[in-house]
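S.K.: Below is the sequence, then the predicted model.
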Amino acid sequence: MRRNAEISRARLVEAATEEFAARGYDGARVDGIVARAEVSKNLVYHYFAGKEALFIAVMERVYVLMRAHHQDDLLKQLEPRAAIERLIRSVHRLFVERPEIITLLNSENLHKAAHIAKSGTIRTLYNPLLEALIDILDRGSAAGVFRRGVDPVDLYITISGLSYVLHLQRPHPDLHLQRGPARRGAARPARAAHRRGGAGLSRGGPGEGRGQPASGARGVARLTSSRPAMTRTKPSA
């Protein structure tokens, strides 16, 4: 019986993920979810209190998936610059592989994170990543690879926010940018310079003092208005 209950619950969450991703929170209907899951409507109210609780379960599943993709333990084993590069790639790759995450996040953003704020699970998920980033940044600044004073929360928001915005524009990027062949060629040197700059982490020249972003990264941390479930308290020794 317990095995059957777990299967039914998992099917509901999977079906709800598809429904919420396709229609958003407001447009999704419980009837549509149970039709996708091919289960009784009563099971929704048996395993979940209703539509909102089911959506929270979907978002918890999404955030657990995102966090597993970061591979904190591996990041801590890498050299600082390699660790940050791997984190950037992992965030970007996840949005490529699971585009439904973007639409689910869009839906929750419209509600100003009201649903995920009710989840005790999501609130603590990012603490291990914060600890890993503090360690990576400390090692990087000590080795002279990164500038000092980089805030780990702002750094992650920047990485996630840039990738999020990029994938948000994937269906029709050139409609917004109007980028022709000449413009594409002109953009290459700027991109190369930005990559060499380490996305605002690397130590800059004389004009870029401690605590100031490197050129090419100024103001990037302000791209997103909401922050992940992280706290800036350093982990105890």
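M.R.: Noted; the coordinates are in hand. What you see is a predicted model; the values in this text were computed from it and never measured. Numbers count the residues shown, from 1 in each chain.

S.K.: C-alpha only now, for contacts and for neighbours.
M.R.: Fine.

S.K.: residue contacts, M59?
M.R.: Going by C-alpha atoms under 8 Å, 6 or more residues apart in numbering, M59 touches L104, I116.

S.K.: Begin at 261, not 1, for the rest of this chat.
M.R.: I'll keep to 261 as the first residue from here, and by that count the last item is M319.

S.K.: Report the mean per-residue pLDDT for the host helix or strand of it.
M.R.: Assigned by DSSP states H and E, M319 falls within helix 311-330. Mean per-residue pLDDT for helix 311-330: 95.

S.K.: Quick check: next helix or strand after that helix?
M.R.: Assignment by DSSP H and E places the next element after helix 311-330 at helix 332-337.

S.K.: quick one: buried residues of the helix holding M319?
M.R.: Along helix 311-330, these residues count as buried under the neighbour rule (16 or more other C-alpha atoms under 10 Å): 311, 313-323, 326-327, 330.

S.K.: Same question for V299, what's its three-state structure.
M.R.: Of the three states, V299 takes coil under DSSP: H, G, I helix; E, B strand; the rest coil.

S.K.: Who are the contact partners of it?
M.R.: S268, L272.

S.K.: what are the phi and psi angles of it?
M.R.: phi -130, psi 170 (degrees, to the nearest 10).

S.K.: can you give me phi and psi for Y386?
M.R.: With angles defined as degrees, to the nearest 10, Y386 sits at phi -90, psi 0.

S.K.: And the helix ranked longest in the chain, what does it pack against?
M.R.: Using DSSP state H to define each element, the chain has its longest helix at helix 262-287. Using 3 or more C-alpha pairs under 8 Å, 6 or more residues apart in numbering; DSSP states H and E, the elements in contact with helix 262-287 are helix 290-297, helix 311-330, helix 360-370.

S.K.: Please consider this matter closed, and thank you.
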